[in-house]
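**Q** kindly generate the corresponding structure for this input.
(one chain, ligands or ions: 1)
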Amino acid sequence: MKSLNSFQRFMNRRASANCRYQPTCYEHAANFYTHALLIVPAFVGMTLLHCLSDNRWERITAWVYGMGLCALFLVSTVFHIITWKKSHMRSVEHCFHMCDRVVIYFFIAASYSPWLNLRELGPLAAHMRWFVWLMAAAGTVYKKFYFFTSPLNTDGLHEVACGGLIYCLGVFFFKSDGIIPFAHAIWHVFVALAAAVHYHAIWKYLYNAPSSDTLLNP
Ligand SMILES: [Zn+2]
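**A** Numbering: from 1, shown residues only. Purely as a prediction, here's the structure:
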């Protein structure tokens, strides 16, 4: 019983309908650090892809993807430090809360961009390249992006699907504030894992491959 009580202090009661969950100070700290520590690696990752680029199109794609990756961790970190330390700044907090939710859609679109820009996936991909951004703008759920599997070159798409699956599993924790201690921080870890799987696949198959089949040459 005592151990259950000491476990409980890491978590507050589940929020009632229309109320936001109030994390404990432990959870605030975990929410902050799980993404703050990934800002620098995200910048390093972006720079690495930039350096590996063989042409202008690869460089642009490295920046688009890299900016999405950095924005995800940066916006999330700023939002969580504000809710933790400056929660009295209601309007600023509200604004960053919205940005934190929206940035993930743009990040997902950015994650698909390297595959759509740098891999010959047939005529559908040419449309998908812009369509993913429209979808992100509309805040649509990313599961719909999975229909571009092509008979041409599917190396790496398993990793993309795997990353998508990790996001989906993470949503369980995203919805578990007040049920599981540190649920939101665990969600952050899932986001980071999925991002790492995607990054590894993009680095391995699109930038580090001996001959990357680009669509456009400089
Ligand atoms: Zn968060």
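
**Q** helix or strand right after the helix or strand hosting Leu69?
**A** Assigned by DSSP states H and E, Leu69 belongs to helix 56-85. As assigned by DSSP H and E, the chain's next helix or strand after helix 56-85 is helix 90-118.

**Q** just the buried positions in that following helix, please.
**A** 96, 99-100, 103-118 (16 or more other CB atoms under 10 Å). All C-beta spots, glycine's among them, are computed from the backbone N, C-alpha and C.

**Q** give the contact list for the closest residue to Leu69 other than its chain neighbours.
**A** Nearest non-adjacent residue to Leu69, counting by CB to CB, 6 or more residues apart in numbering: Ala42, 4.5 Å away. Residues near Ala42 by CB atoms under 8 Å, 6 or more residues apart in numbering: 66, 69-70, 72-73, 195.

**Q** dihedrals phi and psi, Ala42?
**A** Main-chain dihedrals, Ala42, degrees, to the nearest 10: phi -60, psi -40.

**Q** now it: how far from Lys86?
**A** Noted for Ala42: a distance of 24 Å to Lys86, by CB to CB, to the nearest Å.

**Q** tell me the one of the contacts of Ala42 nearest Ser16?
**A** The shortest approach to Ser16 among the contacts of Ala42 belongs to Leu72, at 29.7 Å (CB to CB).

**Q** residues touching the residue nearest to the closest one when sequence neighbours are not counted, list them.
**A** Closest residue to Leu72 in three dimensions, ignoring its sequence neighbours and counting by CB to CB, 6+ apart: Phe107, at 4.2 Å. By CB under 8 Å, 6+ apart, the contact list for Phe107 reads 68-69, 71-72, 195.

**Q** redo that, cut-off 10 Å
**A** 65, 67-73, 75-76, 136, 142, 191, 194-195, 198 (CB atoms under 10 Å, 6 or more residues apart in numbering).

**Q** next, give me the two most distant ones among those.
**A** Cys70 and Tyr142 (19.0 Å).

**Q** mind checking what helix or strand follows the helix or strand of the chain with the lowest mean pLDDT in sequence?
**A** None of the helices or strands of the chain scores lower by mean pLDDT, DSSP states H and E than helix 2-8, at a mean of 64. Downstream of helix 2-8, the next assigned helix or strand under DSSP H and E is helix 25-36.

**Q** show me which residues of that following helix are buried.
**A** Buried residues in helix 25-36 (16+ other CB under 10 Å): 27-28, 30-32, 34-36.

**Q** same deal with stretch 11-22?
**A** So for stretch 11-22, counting by 16+ other CB under 10 Å, buried means 11, 21.
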